[in-house]
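>>> Sequence and predicted structure, then a few things I'm wondering about:
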Amino acid sequence: MVLKCFSLPDETTTLTFYPCNADIGPEGWYDTCADTLTVFRTDYVKLLLPYLEHVRPGFDACQDNRMDRDQWNSLIQEMERDMGNIRFDDTAFDFYIGFAGWITKALSEYEVIVVGRCR
């Protein structure tokens, strides 16, 4: 799945979300069997990075960041609280709804979501 809001059509740098089991496989790779979520740079910097950095200090978009269910639930709660207090345009609101829905669904099937590997 790809979520876009403010990103330009020609953007190529992305942040990818990988749902996976808690165990790291051979050679340090996570075993992922689910569809990933891709967010382009403008959108993750503008819309997601403050939340990611809040729940995972030291977040680095170019490294794998393993985040567990508690961290994601905290992030979604903070995001939803802000959505209730700040007037978003429909596009940003739809982006946040799509993001929270994807995270919630992924966590119903997997234990963690690894974020990173900007390209």
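Looks like it came in fine. Model, not experiment: these values are computed from the prediction. Numbers count the residues shown, from 1 in each chain.

>>> Tell me the helix or strand right after the longest helix along the chain.
Longest helix of the chain, by residue count under DSSP state H: helix 90-109. From helix 90-109 onward toward the C-terminus, using DSSP states H and E, the following helix or strand is strand 112-116.

>>> so for that following strand, what's the average pLDDT?
Averaging pLDDT along strand 112-116 gives 88.

>>> What is that strand packed up against?
strand 14-20, strand 65-68, helix 90-109 (3 or more CB pairs under 8 Å, 6 or more residues apart in numbering; DSSP states H and E). Just so you know, the C-beta spots here come from the backbone N, C-alpha and C atoms, and that holds for glycine as well.

>>> which parts of the shortest one are buried?
Right, strand 65-68. By 16 or more other CB atoms under 10 Å, the buried positions in strand 65-68 come out as 65-67.

>>> what about Pro9, how many neighbours?
When neighbours are defined as other CB atoms under 10 Å, Pro9 has 6 of them.

>>> Gln63 now?
11.

>>> hey, what's the nearest residue to it once chain neighbours are set aside bridged with?
Leaving aside its chain neighbours, Gln63 sits nearest to Gly116 (5.3 Å; criterion: CB to CB, 6 or more residues apart in numbering). Counting by DSSP bridges, Gly116 is bridged to Thr16.
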